[in-house]
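K.L.:
coordinates only, sequence not included:
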């Protein structure tokens, strides 16, 4: 009295089961989809600053960019004119209002390496407040 397995019926062979259970695959894919949906917005958060590549060729621009420089003593210059921190906000507002609507001018920010980080961030904060968000931090190409 032996026990018969389903595949051993009366000497005939039964075809193997050819179905794949896709439920675990769908579960894994849904979990991955949720993970990507949650983490994708976190990856794009940041300060909208256009940083130039030090090996890039000059861009064709219709307008001359606004140059703001901060020397090693913390003095601020717009082009070659020295401005105090108190007057800076008003001057940046004037620059922003002269620009065409919806198209702020490109700003090149040059800062000395000996400066305090807070001083540079205060100037960048004033640029952002005035609506001048196309800022490029100028560096020296030391690859030569």
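P.N.:
Cool, the structure landed. What you see is a predicted model; the values in this text were computed from it and never measured.
K.L.:
pLDDT score for the closest residue to residue 85 other than its chain neighbours?
P.N.:
Nearest residue to residue 85 in three dimensions, chain neighbours excluded: residue 76, at 6.7 Å (C-beta to C-beta, 6 or more residues apart in numbering). Placement of C-beta: from N, CA and C, glycine included. If you check residue 76, the pLDDT there is 89.
K.L.:
who touches residue 76 in this structure?
P.N.:
68, 69, 70, 82, 83, 84, 85, 88, 123 (C-beta atoms under 8 Å, 6 or more residues apart in numbering).
K.L.:
Residue 13 versus that one, what's the distance?
P.N.:
To residue 13, residue 76 is 89 Å away according to C-beta to C-beta, to the nearest Å.
K.L.:
can you give me the helices in the protein?
P.N.:
23-43, 85-98, 117-129 (DSSP state H).
K.L.:
could I get these as JSON lines with mean pLDDT?
P.N.:
As requested, the helices of the chain are exported to JSON lines (pLDDT from 0 to 100):
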{"stretch": "helix 23-43", "mean pLDDT": "85"}
{"stretch": "helix 85-98", "mean pLDDT": "88"}
{"stretch": "helix 117-129", "mean pLDDT": "89"}
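K.L.:
and of the ones you listed, who's closest to residue 138?
P.N.:
Using C-beta to C-beta as the measure, helix 117-129 is the one of the helices of the chain that comes nearest residue 138, at 12.0 Å.
K.L.:
Mind giving me the packing neighbours of that closest one?
P.N.:
In this structure, helix 117-129 makes packing contacts with strand 66-70, helix 85-98, strand 107-111, judged by 3 or more C-beta pairs under 8 Å, 6 or more residues apart in numbering; DSSP states H and E.
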